[in-house]
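Engineer: Fold the following for me, if possible:
(one chain, ligands or ions: 1)
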Amino acid sequence: MAVWVFAEELEGLPTEGSLELLAKGRSLGEVAAFYVGAGSDDAFAALGEHGATTVYHLDPGDALPSAGVAAAFAEILRAEGGKVVLFGPGNIDRDVAGRLAARLGKPVLAGALDIDVSDGVTVRSEILGGAKSVSTVVTDGSPALIVTRPKAFEAASVGGGTPTVVSVVMPDVGRSSATITERHVEASEGPDLEAASVVVSGGRGLGSAEGFEMMNELAGLLGGAVGGTRAVVDAGWVPYSYQIGQTGKTVKPQVYIACAISGAMQHAVGMKGASTIIAINKDPDAPIFALADLGVVGDVHKVIPQLIEALKAR
Ligand SMILES: Cc1cc2nc3c(=O)[nH]c(=O)nc-3n(C[C@H](O)[C@H](O)[C@H](O)COP(=O)(O)OP(=O)(O)OC[C@H]3O[C@@H](n4cnc5c(N)ncnc54)[C@H](O)[C@@H]3O)c2cc1C
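Structural biologist: Presented below is the predicted three-dimensional model:
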């Protein structure tokens, strides 16, 4: 098998991130998915539709999956071979990738934005908050273990048929085993930030937590989600789940409205993929204007209430 994709389940189906990896994977060669979750005909069909021809399925039950998954996956890779193994940026992905690296004696390349296998394996990534692009050529033999950046690829169904499903038993990993005793889903209102087509995002220039009341109102009128910079998260105005950027979430909405955000590179790396960026800032020299398609130089406390009124009047 040329290409492996590490895929996980959420609410009975492959995660969106898994489908994004399959989109890239199938452009590189024939794809097998290593799928972790309860599994079902619908889940396997979704993997097939997105390009997996074979699915190795492991149901971890209540076990914390990484240790057992890495042990099982390493054995399969030794037996079947493969050129690349693609992981998403999630916690389990990175945990499994690290454990596989130790088991196989291979490095992990993280932060991949693109992968080319036409002449060896070349991985493109960015450093210094996106200021420099780097190409890394893997010379250590197969498989290359690659962790991708969030939303580096776009999921798309290719109408693939039902894949061959191979059941994988969770191995006994002795002292490394752990059990999940409780799951917590963070309560949120409105659309999911990472999936929203409109994101209204606030920065330190809002002045206080109360400034987010108008962010919520604007987002509500536009059917969008609210995000923010690290500055507002550090100030305690919004929870960490709102943070967009290098150490937060990556968003790719149709419209991103940056309100009183300076545009630091660590923020930009999480939102510069938006189709249209609208910036409102009182400083005409703010770096965010270099990224913006449309800029409004002005005080957010004057501009946003007028915008809200105009939207309500429509
Ligand atoms: C390792 C590392 C990781 C980081 N990760 C992240 C990350 O994931 N996400 C992130 O966002 N940051 C991150 N940062 C922090 C980042 O460098 C910036 O400090 C942060 O993004 C700045 O947030 P801000 O734009 O809200 O605040 P500021 O930079 O203080 O900008 C506030 C802006 O508001 C404008 N303004 C002020 N008042 C008004 C007004 N009334 N009306 C209109 N405009 C106004 C000002 O002109 C200014 O441009 C990271 C930093 C480091 C070192």
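
Engineer: Wait, Pro89 touches Arg149, no?
Structural biologist: Yes. Counting by Cβ atoms under 8 Å, Arg149 is a contact partner of Pro89 at 6.2 Å. Placement of C-beta: from N, CA and C, glycine included.

Engineer: Could I get the contacting residues of the most centrally placed residue in the chain?
Structural biologist: In the chain, the centroid-proximal residue (Cα atoms, centre = their mean) is Pro150; its distance is 2.8 Å. Applying Cβ atoms under 8 Å, 6 or more residues apart in numbering to Pro150 gives the contacts Gly17, Gly88, Pro89, Glu194, Lys249, Thr250.

Engineer: One more: Phe153?
Structural biologist: So Phe153 contacts Glu20, Leu21, Ala23, Lys24 (Cβ under 8 Å, 6+ apart).

Engineer: Please apply the same query to Tyr56.
Structural biologist: Counting by Cβ under 8 Å, 6+ apart, Tyr56 has contacts Ala32, Ala33, Phe34, Tyr35, Phe73, Ile76, Val166, Val168.

Engineer: 10 Å instead?
Structural biologist: 1, 4, 7, 32-36, 72-73, 76, 80, 163-168 (Cβ atoms under 10 Å, 6 or more residues apart in numbering).

Engineer: who does it bridge with?
Structural biologist: For Tyr56, the beta-bridge partners are Phe34, Val166 (DSSP bridges).

Engineer: sorry, back to before: closest to Leu47 out of the contacts of Pro150?
Structural biologist: Among the contacts of Pro150, Gly17 lies closest to Leu47 (Cβ to Cβ), at 13.0 Å.

Engineer: helix, strand or coil for the residue in the stretch 51-200 of the chain that the ligand sits nearest to?
Structural biologist: Nearest residue of the stretch 51-200 of the chain to the ligand (Cβ to the nearest ligand atom) works out as Gly129 at 7.6 Å. Here Gly129 takes the helix state, with states given by DSSP: H, G, I helix; E, B strand; the rest coil.

Engineer: The closest residue to it other than its chain neighbours: how many residues sit nearby?
Structural biologist: Spatially, and ignoring its direct neighbours in sequence, Gly129 is nearest to Met265 (3.6 Å; Cβ to Cβ, 6 or more residues apart in numbering). By the other Cβ atoms under 10 Å criterion, the neighbourhood of Met265 contains 14 residues.

Engineer: Likewise for Leu86?
Structural biologist: Leu86, neighbours per other Cβ under 10 Å, totals 30.

Engineer: still on that earlier bit, which residues are common contacts for Pro89 and Arg149?
Structural biologist: Residues touching both Pro89 and Arg149 (Cβ under 10 Å, 6+ apart) are Ala110, Gly111, Ala112, Thr250.

Engineer: What about these, which are in strands?
Structural biologist: Among those, the members falling in strands (DSSP state E) are Ala110, Gly111, Ala112.

Engineer: so which of these also contact the ligand?
Structural biologist: Among these, none lies close to the ligand by the criterion of Cβ under 6 Å from any ligand atom.

Engineer: Scan those and report the most crowded one.
Structural biologist: Neighbour counts for those (other Cβ under 10 Å) peak at Ala112, which has 23 neighbours.

Engineer: so what's that residue bridging to?
Structural biologist: Bridge pairing for Ala112 (DSSP bridges) gives the partners Ser125, Thr148.

Engineer: Show me which residues of the chain are close to the ligand?
Structural biologist: Residues of the chain found near the ligand (Cβ under 6 Å from any ligand atom) are 203-205, 229-232, 243-248, 260-262, 264, 266-267, 270, 280-283, 286, 299-301.

Engineer: What's the ChimeraX syntax to select whichever of those residues are buried?
Structural biologist: To isolate the buried ones among the residues of the chain next to the ligand in ChimeraX, judged by 16 or more other Cβ atoms under 10 Å, type:
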select :203,204,205,229,230,231,232,243,244,245,246,248,260,261,262,264,266,267,270,280,281,286,300
